[in-house]
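A.B. asks: Below: sequence and its predicted model.
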Amino acid sequence: MDITAAQHTRLESTHRRSHTLGQVCLDVTDRDSPSPWAVADHVVVRSIQAKGAEAMELTRQWGWDALPEARQEFTLLGDIIKSGELAVARYWHTQSAFTYRMPEGFEPERSQIFLACLEGEMTVTIAGHEEQLKPGRVLIVNPEDLVGKRCDEAVATLLIFFPRLARTSANLVSDAASPSRYLPILISTVNAMLNSKIHPSAPTFVRIERALRELIVAISSETDLLEVTSPEPACRRLHSDAIRVIEETARDATTTIATIAQTLGVSRSQLNRAFAEAGDTPSANLRRARVRLALQCLAQGESRADAAARSGFGSTRRLRRALLASGGPGPNPRQ
């Protein structure tokens, strides 16, 4: 399967003029406005083209809350259609990182998310476990277990919210070596649906919903799906919450393992135990988060001193040591 072929991976409607159809127009100016998913059963938004704060607010309404390093240059292109408990989105966005919270309008423990990377590469965090998604790999994940994602380059994604498959509530990821023959069929079906004038309130739309669900079942049945291994529930939740705190506070030089534990209302030993169950340590996770921030700053041409200050290292000496330890490029000493 040539999943990288242009006819399967390019977002086909991103060059058309932006317009909104259906019963709901997205309000991206008011963070206190209700989510469009909560106020209508049928929502259609085609040819989204947004940048900066508007783009970040749109992703927030879908459940993806951009972390502070997302700058005003953040760009989002895409299309969405929702009918009851089914929502389908294809979208492209520039480099960014997000935490995830289930959007209003969907019930926890009743839905699952089908996530496929179409272009680029992303790291998805599920219940304390990280999975690298490249074109051809898919995830079937419970939304309450989805923690966030990080994209170090522009990515194109297919996301489908659908009623949970009765046969499993496990989080599943496809084997990188065994892409499904049904994935390009699903992608083509989604493209055809989103490029058409069809509206989810049409009586016959239920047949499209059924077809999408059956294609997901076919993919999950044919593909070698591996269960995403997770720590036991209490540690898993603590680990997930700690990752969120680290991502949100890593750039602050006063953030330490002690302050993270205090924010979460647990002891340092409890925090260390939760990370140990996932094969990690909180200090290593914090260091990696800061290294990512520093590398982004350096790639944007910022000085070594500014990169150290903006990534939470506090000094160029600590920044240099962390970069060398991570195997990344050492900063130019003349900066």
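C.D. replies: Yep, it's here.

A.B. asks: contacting residues around residue 186?
C.D. replies: Residues in contact with residue 186 (C-beta atoms under 8 Å, 6 or more residues apart in numbering) are 116, 158, 212, 215, 216, 219. Any C-beta I mention is one placed from the backbone N, CA and C, and that applies to glycine too.

A.B. asks: how many other residues sit next to the fourth one?
C.D. replies: When neighbours are defined as other C-beta atoms under 10 Å, residue 215 has 20 of them.

A.B. asks: tell me which helix or strand of this structure sits lowest on mean pLDDT?
C.D. replies: Of all helical and strand segments in the chain, the minimum by mean pLDDT, DSSP states H and E falls on strand 19-22, at a mean of 28.

A.B. asks: ok, back up a step: mind checking which of the contacts of residue 186 are in strands?
C.D. replies: Counting by DSSP state E, the contacts of residue 186 place 116, 158 in strands.

A.B. asks: where exactly do the helices run in the stretch 151-300 of the chain?
C.D. replies: Using DSSP state H, counting those that start in this stretch, the helices found in the stretch 151-300 of the chain span residues 183-195, 205-222, 233-249, 257-264, 268-277, 282-299.

A.B. asks: So for the helix or strand following the last one, what gets flagged as buried?
C.D. replies: Scanning forward in sequence from helix 282-299, with DSSP states H and E defining helices and strands, the next element found is helix 304-310. Neighbour-count burial for helix 304-310, with 16 or more other C-beta atoms under 10 Å as criterion, is recorded at 304, 306, 307, 308, 309, 310.

A.B. asks: cool, and stretch 275-292?
C.D. replies: For stretch 275-292, a neighbour-count test (16+ other C-beta under 10 Å) marks 275, 277, 278, 280, 282, 285, 286, 287, 289, 290, 291, 292 as buried.

A.B. asks: Now residue 209: closest residue in space that isn't a chain neighbour?
C.D. replies: Nearest in space to residue 209, with sequence neighbours left out and distances taken as C-beta to C-beta, 6 or more residues apart in numbering, is residue 86 at 5.1 Å.

A.B. asks: In the stretch 101-250 of the chain, where is pLDDT below threshold?
C.D. replies: 108-109, 128, 165-169, 176-178, 223-224, 229-234 (pLDDT under 70).

A.B. asks: what's the distance between the residue nearest in space to the middle of the chain and residue 125?
C.D. replies: Nearest to the geometric centre of the chain sits residue 149, at 3.7 Å (C-alpha atoms, centre = their mean). Remark: distance between residue 149 and residue 125 (C-beta to C-beta, to the nearest Å) = 7 Å.

A.B. asks: Out of the buried residues of stretch 275-292, which comes closest to residue 179?
C.D. replies: Taking C-beta to C-beta as the measure, residue 179 lies nearest residue 278 of the buried residues of stretch 275-292, at 27.4 Å.

A.B. asks: Check whether the closest one really touches residue 237, as I assumed.
C.D. replies: No. Using C-beta atoms under 8 Å, residue 278 is not in contact with residue 237, being 11.7 Å away.

A.B. asks: list the residues that contact both of those two?
C.D. replies: If you check residue 278 and residue 237 against C-beta under 8 Å, 6+ apart, no residue is contacted by both.

A.B. asks: need the contact list for residue 198.
C.D. replies: Residue 198 is in contact with 205, 208, counting by C-beta under 8 Å, 6+ apart.

A.B. asks: any idea how far residue 46 is from it?
C.D. replies: Residue 198 sits 11 Å away from residue 46, going by C-beta to C-beta.
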